[in-house]
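> A structural model of the following input is requested.
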Amino acid sequence: MTEEHLAATQASYDVVAAEDADVRTALAEFRRVLADGGPLLLAVHAGEEVRHSQEWFGAAVDVSFRFFDPGWLSAELDRAGFTARRQPYPAAEVAAEGAYLLARAR
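This next block holds a predicted model:
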């Protein structure tokens, strides 16, 4: 039996609570499951801060959201076997600039 791969995948804000090592693990796993040339669309908050929330839509929560330096994340994508195709749009969101990176597995 041959191993099958995904044609494409998307990760919208999936790694915002992850430490560097866990981000690297996630990117390596995305690459492992993608066919060569398969696109990964990765969306995160751009910046260098961590925001903590105790309320979300009226419910009590205890959650922190990490923002990412797009240059660092692009380098990590490269290390994991991706080639970045598009850099983030400046000021894409009102509360926080969004970073939308489209990369292809190589």
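
> so where is this structure shaky, pLDDT-wise?
Applying pLDDT under 70 to the chain flags residues 1-2, 85-100.

> Please, where are all the strands along it?
9-12, 39-46, 50-56, 59-68, 82-86, 98-105 (DSSP state E).

> mind listing what the shortest one pairs with, with the direction of each?
Using DSSP bridges, strand 9-12 pairs in its sheet with strand 39-46 (parallel).

> what pairs with residue 65 across the strands?
Residue 65 has these beta-bridge partners by DSSP bridges: residue 51.

> What of residue 12?
Residues in a beta bridge with residue 12, per DSSP bridges, are residue 43.

> Just to check, it is in contact with residue 40?
No - under the criterion of Cβ atoms under 8 Å, residue 12 makes no contact with residue 40, lying 11.3 Å away. Just so you know, the C-beta spots here come from the backbone N, C-alpha and C atoms, and that holds for glycine as well.
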